[in-house]
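1. coords please:
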Amino acid sequence: MTIVPERLVACAGLTDLFYGPEDGRTEAERSEREAQCKQVCAMCPVVLECLERALVLKQPYGVWGGMTEQERREFRAHLKDEGYGDDIPESMELWASVHSYFARKDTIVHPAKPARTG
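-> Numbering: from 1, shown residues only. Reported below is the predicted structural model:
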């Protein structure tokens, strides 16, 4: 697992946004917060390393690497379906798995990565 210096992460200083309390929030408020987090992830140069860390550590809370808690649970199940078991694939294989996971969900690309053009 790659350790990334905090100065490289786009979410540095946004603790309340990424890990704020969920108590008292409506589903719409939670969805809006998650969408804001994913926008930050979309600009992050280390989004893959962040996702890898969350998967390895089985991080139960917050948006990590552009995925919510639920998306990470579903993605781990997807990895098992692809034959990885509890292992986390290396970077290029991980992106291929992320892409195939979101393709199954009728989402073109991972929310933290922009769509390719032309």
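
2. Leu94 touches Leu51, doesn't it?
-> Yes: taking C-beta atoms under 8 Å as the definition, Leu94 is a contact partner of Leu51 at 7.3 Å. Yep, even glycine has a C-beta here, placed from its N, CA and C like the rest.

3. check which helices and strands the lowest-mean-pLDDT helix or strand in the chain sits against.
-> Least confident helix or strand, the chain: helix 91-104 with a mean of 72, by mean pLDDT, DSSP states H and E. Judged by 3 or more C-beta pairs under 8 Å, 6 or more residues apart in numbering; DSSP states H and E, the packing partners of helix 91-104 are helix 47-57, helix 69-81.

4. and the last one, C-alpha only, in CSV?
-> I take that to be helix 69-81. Provided in CSV are the C-alpha atoms of helix 69-81 (Å, rounded to 0.1, in the frame of the first residue of the first chain):
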residue,chain,number,x,y,z
GLU,A,69,-19.0,3.2,2.1
GLN,A,70,-21.7,1.3,0.3
GLU,A,71,-19.8,1.5,-3.1
ARG,A,72,-16.7,0.2,-1.4
ARG,A,73,-18.6,-2.8,0.0
GLU,A,74,-20.1,-3.5,-3.4
PHE,A,75,-16.8,-3.1,-5.1
ARG,A,76,-15.1,-5.6,-2.7
ALA,A,77,-17.8,-8.1,-3.6
HIS,A,78,-17.1,-7.3,-7.3
LEU,A,79,-13.4,-8.0,-6.8
LYS,A,80,-14.3,-11.3,-5.3
ASP,A,81,-16.5,-12.1,-8.3
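
5. what average pLDDT does the biggest helix by length in the chain get?
-> Secondary structure of the chain per DSSP state H: the longest helix is helix 27-42. Average pLDDT, helix 27-42: 89.

6. ok, Lys80 - contacts?
-> Residues in contact with Lys80 (C-beta atoms under 8 Å, 6 or more residues apart in numbering) are Asp86.
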